[in-house]
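[1] this one's sequence-less:
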């Protein structure tokens, strides 16, 4: 076995787990009317089938005052048991163990869903939800504990193998543990022992409810990253107190607080992998029960190394298994870890959808969150396919123009369905806009999207025709049944720009020239940027296009001014948890941020701007201007095809310039569309 | 004696035009409730319909919009017409039977570029590729065949709507609509016939629809002003679009609901109180005049919309010289479903938007700040269930349980009303000389003058109810209310200053120390003196809610010199749903106050504080005369916590009026199945 430690079994109390790969607790927003759903069942089943040793489900709420986000599972309601059964049965089929995380989010919530006040140890205000908590009294503390016991009982009845108490990023237990939020002077506040009082009572209550057979774990926060909050030394003490109860079988770990320092919990690719391993490491030195480590674990070698170093006993691989449900199987049992579709840590469709109450998905894995549709054999998409079923034997010849994510995904999908494919890419490398995006500072892992697709391409034995531009002559020669246009987007000149500069120019700019580039050409255009040069980045879109260019210039010593018409800068990278890091780097580099401002004209090196709220006009002198503005689809091939009476289909940015996920969706679903067009044709 | 006649009497006039015969002029619009699901109109929604239709007088009731096709998926709980048909078939006939005076219409929606690709998982269709400023997304230009499909979908949807029993349909062509994006030169840059003639889509669609809706009502929701004078259309163009439609297809449209707004002004369509009364009037005058000039009397009826919340607003509307056909009374009816009962004095809408605007991805179910009964039933707190003795078996108040309510603020008054209306014997204790609590302290100078309406309504309702009110009666311990069967505690919240800097005693004679100031004092009159002295204020706002905006607006109105400090990237982040965020930030930015976003106060000294920029960690010292904070109010529960009383409102946890009112109302619902409630107000 290539990864002997990762593949070895371990006992958590009485529960034997077959390997060290944990699908740790994370929100999915799959609950329907606060109940577990078929979506949960299929989602967890896929990871169990994929070889995970242990699944810990998302949190189950213990009390009606705890309802911070809409799709929270109300574990305290008896109706949950039926859904629990479906989940645990599905998972157990694959000799995978499953625990339920149970929690009360406390003051890190709002009363908008519950119609209730939020509860906390002390009347503090949460920085995200902005509600002041009700300071719970003794009777209410008893009610909280009763809630935990109730849910633990439901969980046991629902067939789970264990219970994990969430005491870290968003939890009333964390709020009690932390001096930052616990200002009580009764037996639940003050000394560390007193702050642990609630946790110990919950442990006792829950252990009583689940009996000795089920495992009980506690998830602790190693560093809250807030002033006066919990740090690692205290956490180690808490872990020791927890172990001393002799009722707890393992410790899980995390970093950050969901509403204060969320950016640290599910860090993006801007943060190094294994960034929070110091936490399990420190705890493990003190306690003898197993400890779980988490934090951007995305390949099995990295996991094996952490185990070998003695940092932790089990590894939480969450996003890695969202992106590839077969992560464990490929690493341990198929011994084919190269074929793992590695997570990018882009956070766009997983973490990024949680904050906006959408179901969890994955930029790379079109099936994530849709496993239930595939199991049922029906989805909105598939439903409309039915009428073409009788045509599916008729395969055609498909030409694909463009080797970005859309073209690649389309080629793979079509080839694996038995179509004859002829894929073309005009440049010498695959990847399209992704290749450019990955050149931004701390964005390199985004290129894994292309690396993974390229590998899948080789699995269907297809290679691209590189350096070949699809044109009329080529189309005539090929005479495909259908042309898939995946040629990406093109820049659209804003009204205040007369001409763009040439990004390929090999001479440094002259001193009186303002060089103007679209954000897609920014890294190229900024190649001559020198220390002290003045770079303005104008951002209408609010995503990585602009922020990467700003950092790129900043890292080369330029004086950067970021200008946006929006009320707040780069709002698009806030949900992906990149904003915090970007702002810190910008602030450290002395970059200026100008909000509510549009560009009205350019004269020489002078950029005229107006604040669209106050009407105040001003001017910025700059050497470079990078524009992240609306782009247009590049789709002229559709017209060429039409002139030749060849059916065509636009996907990805060539349909409408969007993010990479749209390209993957439309590429993956292209078979259905191709069927439709061919059907129409005939 | 006040004049008891209400302007609403003028609404209750029958309409009989060639196009439309209606019981009266009232109109209830297709409000997003988040009560439905993608595949059905829910039981909760039909309950909501019954609640708001309780007066049995609403003339037009438009159902929450249904998506006309699979690719329209704008919010998670937007019903998809084809999937929701069974639920309509089941319930609509019953509803029609119960409310015979009402015409039931279905709003047919395609939001196009203003939809959500996160839900539809496909490109958003639009007239031309443009960047939507709200979603940050670029739509895909529709091909001619896609446009033709859209028209077909609309026609089919209209046909379905009539087949399942609706009296008609309303076409969504206003804010948030694909049709408007075709009508607008801002977003339609096509070079084909749908671009050369931007009204072509609307006309083609109505032509198609009219073929299958003979005898049905066809309403049109139209934006009459995009509020984008640099490139969007205004009322003149909107009138021309309607006139062209009438000339080509005379008589097909029964009514036009006139709203305002477009992509750059989404928050202005359903504006809150800050937009004032009748905020759509200017555009409406122009639009109505043009339409009347061209079409004369044989024209679609026009529905006035925007800024009509109370009887006073209606009186203002009737005082204009515009012909008024129909009036959008959605919000006043939500605030009090008996709004249309002319002899009744309803609880008034305060135009706060805090409960009824739920159109973002959080899917909050609709509620109302002044009418808690609109919300779906919420499970009662455990202790409520166990403790309040039930009155259900006792028909007469004389026998009802005796309840003491301590505290005469919003929560206490509403609790007392709910209890009294459910046959409890209630005594309401208030330590001050008047009822009204915190609300009385700020409402008269709050930028939302409608809060005084709420105070007046509640005080009047208490006076008319069978409630024993003890004023200037402070309750200091449970022993003082020993003789009651149960006790409700609604003692609100208290200002608790931070330790360190001196506390300003604003009522004291001249020469009081400068230092930290109770935010509530901003609403008093003594603050003027401090401002006149040229003092510097700091307002440190870590909450960013309605109360914060009110403090800021009051400071601006009084001409105070102040610095605004907030840890968030924008001010008033809590007002995004209620459409107050943009307005609040714009007002703040234009005021010229010094603004420190993404900054926190790390220390406060006697006359200065240390402010740290969050990202650079750069610190600076800022001097002040007066330091105000948004979150120094804490539950006033010291005496009563852990005892026999039921805590509600701010003394449970300091929150909004909406929460106080909801908890006060729910105290009885918590007490068992809801009972037939006699409307106390109807006696007036």
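    All right, it came through fine. None of the values given here were measured: they were computed from a predicted structure. Numbers count the residues shown, from 1 in each chain, chains lettered A, B, ... in the order given.
[2] Could you point out the helix or strand that follows the helix-or-strand element of chain A with minimal mean pLDDT?
    Across the helices and strands of chain A, the lowest-confidence element by mean pLDDT, DSSP states H and E is helix A:380-385, at a mean of 34. Using DSSP states H and E, the helix or strand that directly follows helix A:380-385 along the chain is strand A:397-401.
[3] Just the buried positions in that next one, please.
    Within strand A:397-401, the residues that count as buried by 16 or more other CB atoms under 10 Å in any protein chain shown are A:398, A:399, A:400, A:401. Where C-beta positions appear, they are placed from N, C-alpha and C, glycine not excepted.
[4] mean confidence for the host helix or strand of residue A:88?
    Secondary-structure element containing residue A:88, defined by DSSP H and E: helix A:80-92. Mean per-residue pLDDT for helix A:80-92: 98.
[5] Which strands and helices lie in contact with it?
    Counting contacts by 3 or more CB pairs under 8 Å, 6 or more residues apart in numbering or on different chains; DSSP states H and E, helix A:80-92 is packed against helix A:38-49, strand A:54-61, strand A:97-103, helix A:138-157.
[6] what are the ranges of the helices in the stretch 251-400 of chain A?
    For the stretch 251-400 of chain A, the helices defined by DSSP state H, counting those that start in this stretch cover A:278-286, A:300-308, A:319-323, A:327-328, A:351-354, A:371-376, A:380-385.
[7] For those helices, could you give me TSV that also reports mean neighbour count?
    Compiled in TSV, these are given as follows (neighbours: other CB atoms under 10 Å in any protein chain shown):
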stretch	mean neighbour count
helix A:278-286	20
helix A:300-308	19
helix A:319-323	26
helix A:327-328	31
helix A:351-354	23
helix A:371-376	16
helix A:380-385	15
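[8] could the ones you listed go into TSV alongside distance to residue A:437?
    Supplementary listing: the helices of the stretch 251-400 of chain A in TSV, determined by distance: least, CB to CB, whole Å:
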stretch	distance to residue A:437
helix A:278-286	31
helix A:300-308	24
helix A:319-323	18
helix A:327-328	25
helix A:351-354	16
helix A:371-376	28
helix A:380-385	27
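[9] who wins for proximity to residue A:108 among those?
    helix A:351-354 (13.9 Å; CB to CB).
[10] wait, doesn't residue A:231 sit right on residue A:223?
    Yes - using CB atoms under 8 Å, residue A:231 makes contact with residue A:223 at a distance of 5.4 Å.
[11] who's more crowded, these two?
    Higher neighbour count among residue A:231 and residue A:223: residue A:223, with 21 against 13, using other CB atoms under 10 Å in any protein chain shown.
[12] tell me the contacts of that one?
    Residues in contact with residue A:223 (CB atoms under 8 Å, 6 or more residues apart in numbering or on different chains) are A:229, A:230, A:231, A:232, A:235, A:255, A:256, A:279.
[13] Show the residue spans covered by the helices in the stretch 501-650 of chain B.
    Under DSSP H, counting those that start in this stretch, the stretch 501-650 of chain B gives helices at B:527-532, B:546-557, B:581-590.
[14] Which residues of the stretch 401-550 of chain B lie near chain A?
    Contact residues (CB under 8 Å from any CB of the partner chain) of the stretch 401-550 of chain B with chain A: B:542, B:543, B:544, B:545.
[15] how far away is the first one from residue A:153?
    Going back to what we said before, that points to residue B:542. 40 Å (CB to CB, to the nearest Å).
[16] where do the strands sit along the stretch 351-500 of chain B?
    Per DSSP state E, counting those that start in this stretch, the stretch 351-500 of chain B carries strands over the ranges B:402-406, B:425-429, B:467-470, B:486-489, B:493-495.
[17] Now residue A:528: closest residue in space, sequence neighbours ignored.
    Once flanking residues are discounted, residue A:528 sits nearest to residue A:508: 4.4 Å by CB to CB, 6 or more residues apart in numbering or on different chains.
[18] ditto for residue B:473
    Leaving aside its sequence neighbours, residue B:473 sits nearest to residue B:429 (CB to CB, 6+ apart; 4.7 Å).
[19] Any idea how many residues pack against the one you found?
    24.
[20] low pLDDT regions in chain A?
    Low-confidence segments of chain A, defined by pLDDT under 70, are located at A:377-394, A:680-682.
[21] Pull the contacting residues for the spatially most central residue of it.
    Geometric centre of chain A, nearest residue: residue A:347, 2.4 Å, by CA atoms, centre = their mean. Neighbouring residues of residue A:347 by CB under 8 Å, 6+ apart: A:266, A:268, A:575, A:576, A:577, A:578.
[22] The stretch 101-250 of chain B: strands as residue ranges?
    B:103-109, B:125-126, B:140-141, B:168-173, B:217-225.
[23] for the third one, packing partners?
    This points to strand B:140-141. Strand B:140-141 packs on strand B:125-126, going by 3+ CB pairs under 8 Å, 6+ apart.
[24] Could you tell me which residues of the stretch 551-682 of chain A lie near chain B?
    A:565, A:567-569, A:571-572, A:580, A:583-584, A:586-588, A:596, A:613-614, A:629-633, A:655-658, A:662, A:665-666.
[25] Alright, that wraps it up for me.
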